[in-house]
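Q: Sequence plus predicted model, see below.
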Amino acid sequence: MLCEGSQRVLENRDRLEILLEDARALGVTDLFVQVYRGGRAWFDSSLADATPFATTWGAREGIGRDALAVLIDRAHARGLRVHAWVNVLSLSSNADAPILRDLGPAAAAVDQKGRSILDYPGFEVPEPDRRHYRMGTPAVWLDPAASGVPDRLASTFAELVERYPTLDGLHLDYIRYPDALPYSPSTRFGVGMSFGYGEEARRRFEAETGLRAPFGASLVHGDRWDDWRRSQLTALVRRIADSARSMQPGLSVSAAVLADVERAYLVDLQDWVGWLDEGLLDFAVPMLYTRDPRLLRYGVEEISGLAAERSIWIGLGSWLFADFPAQAALQLREVAEHERLGSALFSWDSIRESPALRDALVAEVPGG
């Protein structure tokens with residue numbers, strides 16, 4: 001569920017029962033409830049902008065229990081687990097987020113030409129590069145290697161977990177470096193655009209490795225630089241997971257990740273298979289969002305092989321099929337044929353908006 005989507009259950013009490021009934025009809029076992037986006041919190045936070053929390057029905061009605069806490073209780077009564085879904089490194093268009101205000105502009109991502117993403121017009125690639133490149137997701141992005149960023153994010157999510165002790169999981173989204181289109185295969189090729197080139201990051205790399213950081217037109221030590229930045233992202237995942245689990249030892253930690261493992265690893269520096277192997281994640285949700293049935297099948301088959309000793313749920317783009325509900329059902333069936341895989345539907349908003357889509361998906365549930 002999107003905190004800023006069409007349904008906004010945390011802001012509309014009358015939709016809670018509809019959500020729970022849809023979950024039952026769809027055979028759902030877990031709810032992913034977005035509570036942190038753009039540096040803004042739909043829970044009572046001292047570290048994020050908690051203005052949205054005031055819009056939740058629990059806060060408005062002054063019932064002594066906030067909407068998220070009530071949702072968790074009601075879901076548990078139905079046998080459903082609840083995961084708090086947080087957008088980690090993307091601040092959307094919120095350049096005034098408390099984390100940036102407190103840590104300063106050096107916390108924002110910097111490209112290989114030394115330009116801060118804060119100076120990008122509309123958070124899109126500036127000219128002359130814009131003639132050839134576009135941001136994969138235009139937004140204010142944080143640099144995981146910048147001072148204070150890992151600690152601040154880990155503390156924010158630990159605060160969330162501490163305040164909701166019956167929460168079942170923490171789900172990390174936008175846990176990657178930003179990318180630009182077309183994708184650069186890696187730094188050593190010297191093409192495309194990439195991020196994480198802040199002065200502090202380059203200084204740290206040089207101090208820790210004794211090597212010169214690639215910058216501008218330089219391609220030296222490109223692979224080592226990519227490895228180092230990848231390790232910064234892994235360290236962030238570890239920091240968040242350790243902090244959250246210290247508050248609640250049984251908490252499940254998961255992440256929405258790129259389904260293309262090679263792109264995730266080389267372009268977005270997201271070693272999610274390694275995160276699973278190290279136990280940083282309990283499960284991963286590769287976002288296999290496509291309308292192409294063959295591409296879906298190829299992706300499912302590849303990921304099924306990775307799931308032999310790892311817990312993986314395929315993320316399916318339900319919102320793509322409002323006008324083609326039968327195809328959404330076929331995708332769900334495709335994943336179900338691989339017993340090692342789970343599936344996750346993105347998102348309830350799109351399913352609720354399209355009765356035909358809901359009915360098609362419900363029909364895939366045994367007894368549905």
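A: Thanks, I have the structure now.

Q: what's Ala201 in contact with, if anything?
A: By CB atoms under 8 Å, 6 or more residues apart in numbering, the contact set of Ala201 is 110, 143, 145-146, 213, 229, 232. (Glycine included, C-beta is placed from N, CA and C.)

Q: between those, which is nearest Leu219?
A: Ala213 (11.4 Å; CB to CB).

Q: Assumed that closest one was part of a helix.
A: No. Membership of Ala213 in a helix is not supported by DSSP: H, G, I helix; E, B strand; the rest coil, which gives coil.

Q: For the stretch 151-300 of the chain, give me the ranges with low pLDDT.
A: By pLDDT under 70, the weakly predicted segments of the stretch 151-300 of the chain are 216-218.

Q: Do you have the strands of it handy? List them.
A: In the stretch 151-300 of the chain, the strands defined using DSSP state E, counting those that start in this stretch lie at 169-173, 180-181, 252-258, 283-287.

Q: Any chance of JSON lines for these, columns mean neighbour count?
A: Listed next are the strands of the stretch 151-300 of the chain as JSON lines, based on neighbours: other CB atoms under 10 Å:
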{"stretch": "strand 169-173", "mean neighbour count": "25"}
{"stretch": "strand 180-181", "mean neighbour count": "18"}
{"stretch": "strand 252-258", "mean neighbour count": "23"}
{"stretch": "strand 283-287", "mean neighbour count": "23"}
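
Q: Look up the closest residue to Leu211, ignoring the ones flanking it.
A: Excluding the flanking residues, the one nearest Leu211 by CB to CB, 6 or more residues apart in numbering is His221, at 4.6 Å.

Q: so what's the one you found up against?
A: 209, 211-214.

Q: Equivalent analysis for Thr290, please.
A: Counting by CB under 8 Å, 6+ apart, Thr290 touches 296, 299, 317, 320.

Q: you'd agree the last one is up against Met287?
A: The one in question is Leu320. No. In this structure Leu320 lies outside contact range of Met287 using CB atoms under 8 Å: 11.7 Å.

Q: Can you give me the separation between Val237 and Ala307?
A: 19 Å (CB to CB, to the nearest Å).

Q: These two: who's more crowded?
A: Val237 (25 against 22; other CB atoms under 10 Å).

Q: How about the more buried one: what's its closest non-neighbour residue?
A: Leaving aside its sequence neighbours, Val237 sits nearest to Leu280 (CB to CB, 6+ apart; 5.0 Å).

Q: Count the residues that sit near the one you found.
A: Applying other CB under 10 Å, I find that Leu280 has 22 neighbouring residues.

Q: measure it to Leu172 for me?
A: From Leu280 to Leu172 the distance is 10 Å (CB to CB).

Q: Next, show the common contact partners of those two.
A: Both Leu280 and Leu172 are contacted by 237, 253, under the criterion CB under 8 Å, 6+ apart.

Q: rewinding a little: how near is the residue nearest to Val237 to Leu361?
A: 31 Å.

Q: got CSV for the strands of the stretch 151-300 of the chain, with distance to Pro126 too?
A: Compiled in CSV, the strands of the stretch 151-300 of the chain are given as follows (distance: least, CB to CB, whole Å):
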stretch, distance to Pro126
strand 169-173, 26
strand 180-181, 12
strand 252-258, 25
strand 283-287, 28
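
Q: of all those strands, which lies closest to Arg134?
A: Of all those, strand 180-181 comes closest under CB to CB, at 4.7 Å.

Q: Please enumerate residues in contact with the closest one?
A: In contact with strand 180-181 (CB under 8 Å, 6+ apart) are residues 125, 133-136, 192-194.

Q: which two of these lie the greatest distance from each other?
A: For the contacts of strand 180-181, and using CB to CB, no pair is farther apart than Arg134 and Ser194, which are 14.0 Å apart.

Q: Setting the sequence-adjacent residues aside, check what's closest to Ile18.
A: Going by CB to CB, 6+ apart, Ile18 has Arg352 as its nearest residue, at 7.2 Å.

Q: doesn't Arg358 make contact with the one you found?
A: Yes. Contact criterion CB under 8 Å: Arg352 and Arg358 qualify, at 7.0 Å.

Q: Overlap of the contact sets of those two?
A: Asp22.

Q: can you pull the contacts of the residue nearest the centre of the chain?
A: Taking CA atoms, centre = their mean, the centroid of the chain lies closest to Asp173, which sits 0.9 Å from it. If you count contacts by CB under 8 Å, 6+ apart, Asp173 has them with 34, 85-88, 255-256.

Q: Show me what it bridges to in the sheet.
A: Asn87 (DSSP bridges).

Q: Now do it against Ser304, distance only.
A: For Asp173, the distance to Ser304 - CB to CB - is 23 Å.

Q: now Thr137
A: Using CB to CB, one gets 27 Å for the distance from Thr137 to Ser304.

Q: Repeat that for Val273.
A: 13 Å.

Q: Can you pull the residues that touch both of these two?
A: Here Val273 and Ser304 share no contacting residue, scored by CB under 8 Å, 6+ apart.

Q: Helices of the stretch 1-150 of the chain, residue ranges please.
A: Ranges of helices in the stretch 1-150 of the chain, per DSSP state H, counting those that start in this stretch, are 16-25, 57-61, 67-77, 98-103, 149-163.

Q: could you redo those helices as CSV and give each row mean neighbour count and distance to Tyr120?
A: Output for the helices of the stretch 1-150 of the chain, formatted as CSV (neighbours: other CB atoms under 10 Å; distance: least, CB to CB, whole Å):
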stretch, mean neighbour count, distance to Tyr120
helix 16-25, 16, 37
helix 57-61, 17, 35
helix 67-77, 18, 33
helix 98-103, 17, 14
helix 149-163, 20, 19
